[in-house]
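**Q** sequence plus the predicted model coming up.
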Amino acid sequence: NAGVTQTPKFQVLKTGQSMTLQCAQDMNHEYMSWYRQDPGMGLRLIHYSVGAGITDQGEVPNGYNVSRSTTEDFPLRLLSAAPSQTSVYFCASNSQTGVGQNEQFFGPGTRLTVL
Amino acid sequence: DQQVKQNSPSLSVQEGRISILNCDYTNSMFDYFLWYKKYPAEGPTFLISISSIKDKNEDGRFTVFLNKSAKHLSLHIVPSQPGDSAVYFCAASDGNFNKFYFGSGTKLNVKP
């Protein structure tokens, strides 16, 4: 199993450009999430999905869109990039298995710089 | 306002000694807590978890303690090893397991 994969690893955008960060998992997990990591702020939830066709907002959703057309894929779209979106983005997936093992599995991250 | 807080940005310990990382939370609905370890340029990886029905969970050198009345949890690493040097995040869930709230992380440095 590849686990959670993210592309690209690095990206530089100019203000106003749009792009899509890709995320895929091969563990048949129903839950998927996007986080951003900023210095001193930890991981903040952007959007999450509880299954194909179902998405919801997290703590910091503004400026981002998501969709979940398949169980495997959960792309994150930046509609009009702003310097405040410079961050490291992590995708994660998990499955509710009952008491004990409900941890998220994370991808390697995408480092995004917006000039 | 952050619902999960790690008030120590960094911690330095000597190899072989105990490392104690602390985490506080404000939401009394949280009933499942996790610790993740993160190396530079990698995603976080799961370390250990605890349900609110327990006050302690052990896994090898790692033990997590939960004090529900104080809304406080801690991660003990004994003995600490240089390979434990990483950023440690605590996280909490209200049981739905589709939303997790993370602290800001503590950078642990274990000196040889």
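**A** That came in fine, so what should we check first? Everything numeric here is computed off the predicted structure, so don't read it as measured data.
**Q** ok, A:A2 - how many residues close by?
**A** A count of nearby residues for A:A2, using other C-beta atoms under 10 Å in any protein chain shown, gives 9. Heads up, the C-betas are built off the backbone N, CA and C, glycines and all.
**Q** oh sorry, the question was meant for B:G95
**A** Neighbours of B:G95 under the rule other C-beta under 10 Å: 14.
**Q** go on, the one 10 residues further on?
**A** The burial count assigned to B:G105 is 25, neighbours taken as other C-beta under 10 Å.
**Q** surely it is in contact with B:V4?
**A** No: if you go by C-beta atoms under 8 Å, B:G105 and B:V4 don't touch, sitting 10.6 Å apart.
**Q** name the element A:R77 belongs to?
**A** A:R77 belongs to strand A:76-78 when assigned by DSSP states H and E.
**Q** please list the outside residues in contact with that strand.
**A** A:13, A:18-21, A:23, A:34, A:46-47, A:63-67, A:85, A:89, A:91, A:112 (C-beta atoms under 8 Å, 6 or more residues apart in numbering or on different chains).
**Q** list buried residues within these.
**A** Among the contacts of strand A:76-78, the ones that count as buried by 16 or more other C-beta atoms under 10 Å in any protein chain shown are A:13, A:21, A:23, A:34, A:46-47, A:64, A:66-67, A:85, A:89, A:91, A:112.
**Q** quick one on the thing from earlier: what touches both of B:G105 and B:V4?
**A** What both B:G105 and B:V4 touch, as defined by C-beta under 8 Å, 6+ apart, is the set A:G42.
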